[in-house]
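Peer 1: got a sequence here, can you model it:
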Amino acid sequence: MKKIKIFAMLAAALLSIAGFMSCTKDEEKADTTALEALLVEAKGLLANATAELYPQDAINTFRTTVNAVDASLKKGGLSQATVTNLMAQLQAAIDSFKASAYGDINPANLTMEVTFDAASSGSFKTTGAHTWDVVPAGGPAEVFGADASAAPTYVAGKVGKAAHFTKGSHFKVTGFDPASLEGKQLSISVWVNPDKVYANNYIISYNYWESWKFQVQDGSKPFLTLFGDNCVDMDNETDNSAPANTWTHLAVSVDLTAKTVDFYVNGQLTKAWTDKVSGTIQHVDNGSLLIGACFTIQTALTFDWFTPSVDGWGCFYGKLDELKVYNIALSAGQVAAIYAAEK
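Peer 2: Okay, here's the model as predicted:
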C-alpha cells in the first residue's frame, strides 16, 4: 500500500509539472532523447504488466505516470529543466513499479502439488519438488457401514479437474519424507467448493493435531491446527469465508520463527495472528498424510475418546482443486499471484 501511495504522488507531481514548465522563445530547445528512450522502456514494462505479476492498483497508477510523461512530450515546448525533472520522476516510478512485483516462488519450495488433472483411477503422483504416491481410499465401514463411499471421484474443477469427496472418501499420500513437511515455515494453498457447511471439513492433515491440519470449520471459516512448541488452533475469524457450492481460494502462511500465521481468502489477507506459534513443527514416527480426511480409522481406534459417528468423522464433503504445500511462509504478494493465476 505504501508503494502504491508513492506511485500516486509521483503521478500527481508529473501532471502538475506538465502544466507550468515550458520554454520561452529565447530558451534553447531541450534535448528529449534520453527521456523518449526511458518512456519507451516504461511503455514496454507497462505492456507486459498483468495482475498475475503486479497489484492492479500499482499498474493503474504507473499507467497514469507514463501517460502524463507521454502527453508532456507530445505537447512539446519543454525546458531542459522540465525534461530533467520528468526523467528523474519517471525513473523513480519505474523503479518503484518494479519493486511492487509479486515475488517469484522457487520451485524447490513447492513441497507437493496435487492438481488432480492427470488422475483418472488408481494411484498417481504428486508434482512439485517431490513425487510421492497418492492412493485413493474409501470411507471406513466402521463409521459409515454399508453407506461408506468408494474412492473420490473426478469432476470439473476450478482449473482442469478436481476431486470430489463424500462419506469418508480420501487420498493417502505414501512414501513421503517427513522432514519435508516439518520445519519452521509452512504454507498451504487450495481451492475449495464444499457441498455443505460442516465443522470437520478436512482438506489436508499431517498427523492430525500432532503436526498440522487444515480444514473448513463451522461457520465456513478456514481453520489451522499446528503443533510446534505447543498445539495451537487458529481460524480467520470471518464467517462464510468458504461458502457451500462456491469455489473459494484459501491459503495459510506460517512462520514459526516470526511467530506469525496469516489467513487469505481469494488472494486477500483476512486474519494475521502474531505470537501464536513457535518452535518447529512436531515430528511423529510412522505418521500419515491425508487429503480429504483427518486421520485413518486405524489411528482413530487408538483414541480412548473415539466413538464411530458419521457426524463426528473428519472428512471433506465437496470438491478440492490445485492443492499445494510449501516449505516457506508465502508473502501476501505470492498468495495474490497464485490466486490471480488460477482464478
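Peer 1: distance of Asn230 from Ala30?
Peer 2: For Asn230, the distance to Ala30 equals 67 Å [CB to CB, to the nearest Å]. For every residue, glycine as well, the C-beta is placed using N, CA and C.
Peer 1: double-check that Ile59 belongs to a helix.
Peer 2: Yes - in this structure, Ile59 lies within a helix as judged by DSSP: H, G, I helix; E, B strand; the rest coil.
Peer 1: setting the sequence-adjacent residues aside, check what's closest to it.
Peer 2: Nearest residue to Ile59, sequence neighbours excluded (CB to CB, 6 or more residues apart in numbering): Ala49, at 5.0 Å.
Peer 1: now that neighbour: which helix or strand?
Peer 2: Here Ala49 is covered by no helix or strand, with elements defined by DSSP states H and E.
Peer 1: give me the pLDDT for it.
Peer 2: We have a pLDDT of 88 for Ala49.
Peer 1: now do the same contact list for it.
Peer 2: For Ala49, the contact set (CB atoms under 8 Å, 6 or more residues apart in numbering) comprises 59, 62, 97.
Peer 1: so who does the last one touch?
Peer 2: Pointing back at Phe97 there. By CB under 8 Å, 6+ apart, the residues touching Phe97 are 7, 45, 49, 54, 58, 62.
Peer 1: show me the shaky parts of the stretch 101-250 of the chain.
Peer 2: When residues are selected by pLDDT under 70, none of them lie in the stretch 101-250 of the chain.
Peer 1: sorry, back to before: which of the contacts of Ala49 sits closest to Ala199?
Peer 2: Within the contacts of Ala49, distances to Ala199 taken as CB to CB reach their minimum at Ile59, with 40.6 Å.
Peer 1: so Leu323 makes contact with Glu113?
Peer 2: Yes - at 7.1 Å, Leu323 and Glu113 qualify as touching, with contact defined as CB atoms under 8 Å.
Peer 1: those two: which is more packed in?
Peer 2: When neighbours are counted by other CB atoms under 10 Å, Leu323 comes out ahead of the other of Leu323 and Glu113, with 24 against 17.
Peer 1: in stretch 43-63, what's buried?
Peer 2: 45-46, 49, 51, 53-55, 58-59, 61-63 (16 or more other CB atoms under 10 Å).
Peer 1: same question, stretch 218-234
Peer 2: Result for stretch 218-234 [16+ other CB under 10 Å]: buried residues 219-228, 232, 234.
Peer 1: now the terminal residues of it, how far apart.
Peer 2: With CA to CA, to the nearest Å as the measure, the ends of stretch 218-234 fall 13 Å from one another.
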